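Novice: Structure, please.
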Amino acid sequence: MPIAGVVIVTTQEKSMQVLDDLKGIDNVTTYGVHKDNNIVAVLEGDTPKELEKITKEIQNDVPGVVGIYPAYVNYEDEV
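Specialist: Numbering: from 1, shown residues only. Sure thing, here's the model as predicted:
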């Protein structure tokens, strides 16, 4: 199962709303807001394409997201 640790950068005024919105997306686990506008999250998918889909969903559908930056990606189980 591919897993990605990411930092989701938001506009400062929308960071708490983005955090709440992320809690409603399947396969996304959040770890709070850090330094006013950085949300630490883990994304999980059955395939690398699913991770890509989740990332695009967050970027395109959650207002206030400036960017999504990976800290690590693990494809250990993928061939």
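Novice: Where do the helices of the chain begin and end?
Specialist: Counting by DSSP state H, the chain has helices at residues 15-22, 48-61.
Novice: Highest mean neighbour count out of these?
Specialist: Greatest average neighbour count among those goes to helix 15-22 (a mean of 18), per mean count of other Cβ atoms under 10 Å. Every C-beta, even on glycine, is put in place using the N, C-alpha and C of the backbone.
Novice: hmm, who's touching that one?
Specialist: Here helix 15-22 makes contact (Cβ atoms under 8 Å, 6 or more residues apart in numbering) with 8, 10, 28, 30, 32-33, 36-37, 39, 41, 58, 62-65.
Novice: And the residues you listed, which two are furthest apart?
Specialist: In the contacts of helix 15-22, two members sit farther apart than any others by Cβ to Cβ. They are 28 and 36, at 20.4 Å.
Novice: Neighbour count: the two, which is higher?
Specialist: Ranked by neighbour count (other Cβ atoms under 10 Å), residue 28 and residue 36 place residue 28 first, with 20 against 10.
Novice: Distance check, the more buried one against residue 71.
Specialist: For residue 28, the distance to residue 71 equals 15 Å [Cβ to Cβ, to the nearest Å].
Novice: likewise residue 38?
Specialist: Distance, residue 38 to residue 71, using Cβ to Cβ: 11 Å.
Novice: Common neighbours of the two, please.
Specialist: Common neighbours of residue 38 and residue 71, counting by Cβ under 8 Å, 6+ apart, are residue 7.
Novice: who's more crowded, the two?
Specialist: More crowded of residue 38 and residue 71, by other Cβ under 10 Å: residue 38, with 15 against 11.
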